[in-house]
Each structure stands twice: as C-alpha cells, then as structure tokens.
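*Asks:* Predicted structure and sequence below. I'll ask about it afterward.
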Amino acid sequence: QVQFVESGGGLVQAGDSLRLSCAASGRTFSNAAMGWFRQAPGKEREFVAAISRSGADTYYPDSVKGRFTISRDNAKNMAYLQMNGLKPEDTALYYCALQLNRLFSFSDIRGYNFWGQGTQVTVSS
C-alpha cells in the first residue's frame, strides 16, 4: 500500500510558477512509475505528467510540455511538479498517483492507483 499527500497548490496569477510536492509512504514508491493528473470542475481527470521508476524518463501532454517538469527523489519518497508559465486553463485539483499496471500507457489513468486528496491550483488572468 502507498499513500500520497499532495501540497504546494495555491492562487497565483497567469505567468507565475508553482511547485507541487507529493509525499509518499510505503515501500513500493520507488518500484513504480508515477504520475500527476488534474481535474477541473465539470471535467474528467486528465494526464499532466509521468516519470519512470528511476526518473530517467518523463512524459507530458502537449498542453503542458515545455512549461511543467516532473521529478522524483526515491530516497525521500517524494515527487514534484514544477509548473512555470501558468495559465488560467491550468486551474484544477492536482493529484499524484502510482502506476501499478504497466499494461496501460503512462498517460492512461486506468493504470494508476493510490490517489492522494489533491492540491488546488487556481490561476487568475
């Protein structure tokens, strides 16, 4: 079992930056890829970023590529999402999760388990 606690969200203006943190408990954290997803009101949860077990490989959708950076520190059981150049459309509740089912692609939510409670990011124009 793994539990996640996300933090670092807040209210910022367009163009600002935020760094989200994801604290994991449990022994399986370093054994699996993990990802960040977000969900805006009235919308489905969508993929934001993923990182391989070692941290060597990262994946982003076009909507955040070049602005967001995912990283992890397995020694500390931590993952991060650096978000630069924030836009109002980035407003959402952000979650981290562990990818336990490798049959799915990194961007497919069905492969992820152990969701945290999320941290709210609000970007004003």
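*Replies:* Yep, it's here.

*Asks:* In contact with the spatially most central residue of the chain, which residues?
*Replies:* For the chain, the residue nearest the mean C-alpha position is residue 36 (1.9 Å; CA atoms, centre = their mean). By CB atoms under 8 Å, 6 or more residues apart in numbering, residue 36 lies in contact with 20, 22, 48, 49, 50, 70, 79, 81, 94, 95, 96. Every C-beta, even on glycine, is put in place using the N, C-alpha and C of the backbone.

*Asks:* Where does residue 24 sit, in terms of helix or strand?
*Replies:* strand 18-25 (DSSP states H and E).

*Asks:* what does that strand contact?
*Replies:* Under CB under 8 Å, 6+ apart, the answer for strand 18-25 is 2-10, 12, 34, 36, 77-83, 86, 94, 96, 98, 116, 119, 121.

*Asks:* Show me which positions of that strand end up buried.
*Replies:* 18, 20, 22, 23, 24 (16 or more other CB atoms under 10 Å).

*Asks:* Reformat those residues as CSV; add distance to residue 103.
*Replies:* Written out in CSV, the entries for the buried residues of strand 18-25 read as follows (distance: CB to CB, whole Å):
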residue, distance to residue 103
18, 32
20, 27
22, 23
23, 27
24, 22
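
*Asks:* what are the ranges of the strands in this structure?
*Replies:* 3-7, 10-13, 18-25, 33-39, 46-51, 58-59, 68-73, 78-83, 92-99, 112-113, 119-124 (DSSP state E).
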